[in-house]
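1. Structure of the sequence below:
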Amino acid sequence: MKIKTTLTLFASIFIACQNGNPKVIANLPSSLPEISAIEKTTNSDLFWVIQDAGNNNHIYGLDEKGSIKADIIVENANNRDWEDLTSDKKGNLYIGDFGNNNKDKTTFSILKITNPQANIKSTKAELIRFSLPKDVKPKDFEAFFLHNDYFYVFSKESKKFRTLKIPNRIGNHEAELISEFNLKGKNNKITSAAMSQDSKRMYLLNHDKVWEISDFENDHFFEGKVISIPFDHNTQKEGVFEINNTLYITDEFKKNEGGNLYELTLD
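-> So this is what the prediction gives:
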């Protein structure tokens, strides 16, 4: 299989951006200490969040003050390890149930939630299932986004990470491995991902930084320019999305720190 980008591809430009101080705009509910993702949809003003493995199968809608305004049960799904959220232009929400801390799973699910709203109490998900390519060993995955009707899923690695591609179609699929890449520096495990509204930039989140990738063509992401934006603090940041040139970031509440919704205005 020919992979588009490899460990030896370092033509991309790495620049440390000075604007790396996310501003706390809300405290997250104490009842949701393990928020693992955040997303907004086109048909709702709420911030949609989930919690990760070991928690319930609920989607929560938060207002700008962090208060819970919607609590939706996904009736036909268990929270095996919900890790990230993305959405489409029609207002549908997608849950990435692909966490794999023990690296013992080879099949995963993406749950499609049709147009969630504050007045919905329960719903059923449509399922997009995918298996790993035969030449990819089991990995832990915590990040994805939707781009040109394909999902791009990123493995959580200390060094070289993998990018998988899965079609946005209900049913069973074998993922395609499209890239392997190594971000420079330390502490490079990707915990969430987002595509910008204009599809010209993508963002990969870590506990102490975010990477902005731009100037790519199609899905040759890592042939573009990669900018590292370091933060001024290190907490367990697990969720990111972009709107109007602003990143919204969440972190888990752990060891008496975190549990916040942040706003980071981009240069």
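
2. Is residue 257 bridged to anything, and to what?
-> Counting by DSSP bridges, residue 257 is bridged to residue 254.

3. same thing with residue 162?
-> The partner list for residue 162 in beta bridges (DSSP bridges) reads residue 180.

4. try residue 248
-> residue 241, residue 263.

5. which residues does it contact?
-> Residues in contact with residue 248 (Cβ atoms under 8 Å, 6 or more residues apart in numbering) are 38, 40, 47, 240, 241, 242, 261, 262, 263, 264. C-betas here are computed from N, CA, C, even on glycine.

6. what's the closest of the residues you listed to residue 219?
-> Here the nearest of these to residue 219, counting by Cβ to Cβ, is residue 242; it sits at 17.5 Å.

7. List the contacts of the nearest residue in space to residue 247 that is not next to it in sequence.
-> Spatial nearest neighbour of residue 247, chain neighbours left out: residue 264 (4.3 Å); criterion: Cβ to Cβ, 6 or more residues apart in numbering. By Cβ under 8 Å, 6+ apart, the contact set of residue 264 is 19, 20, 21, 22, 23, 210, 229, 246, 247, 248, 249.

8. can you rerun that using 7 Å?
-> By Cβ atoms under 7 Å, 6 or more residues apart in numbering, residue 264 lies in contact with 22, 246, 247, 249.

9. wait, doesn't residue 227 sit right on residue 215?
-> No: checked against Cβ atoms under 7 Å, the pair residue 227 and residue 215 is beyond contact range at 10.3 Å.

10. So for the two, which residue has more residues nearby?
-> Between residue 227 and residue 215, counted using other Cβ atoms under 10 Å, residue 227 has the larger neighbour count: 19 against 12.

11. Am I right that that one is in a strand?
-> Yes: counting by DSSP: H, G, I helix; E, B strand; the rest coil, residue 227 falls inside a strand.

12. can I get the contacts of residue 248 in JSON lines with distance to residue 130 and pLDDT?
-> Shown next, in JSON lines, are these (distance: Cβ to Cβ, whole Å; pLDDT from 0 to 100):
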{"residue": "38", "distance to residue 130": "23", "pLDDT": "98"}
{"residue": "40", "distance to residue 130": "25", "pLDDT": "97"}
{"residue": "47", "distance to residue 130": "27", "pLDDT": "98"}
{"residue": "240", "distance to residue 130": "22", "pLDDT": "98"}
{"residue": "241", "distance to residue 130": "22", "pLDDT": "97"}
{"residue": "242", "distance to residue 130": "25", "pLDDT": "97"}
{"residue": "261", "distance to residue 130": "30", "pLDDT": "98"}
{"residue": "262", "distance to residue 130": "31", "pLDDT": "98"}
{"residue": "263", "distance to residue 130": "33", "pLDDT": "97"}
{"residue": "264", "distance to residue 130": "31", "pLDDT": "97"}
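
13. Which of those residues has the largest number of neighbours?
-> With neighbours taken as other Cβ under 10 Å, the top of the contacts of residue 248 is residue 241, carrying 28 neighbours.
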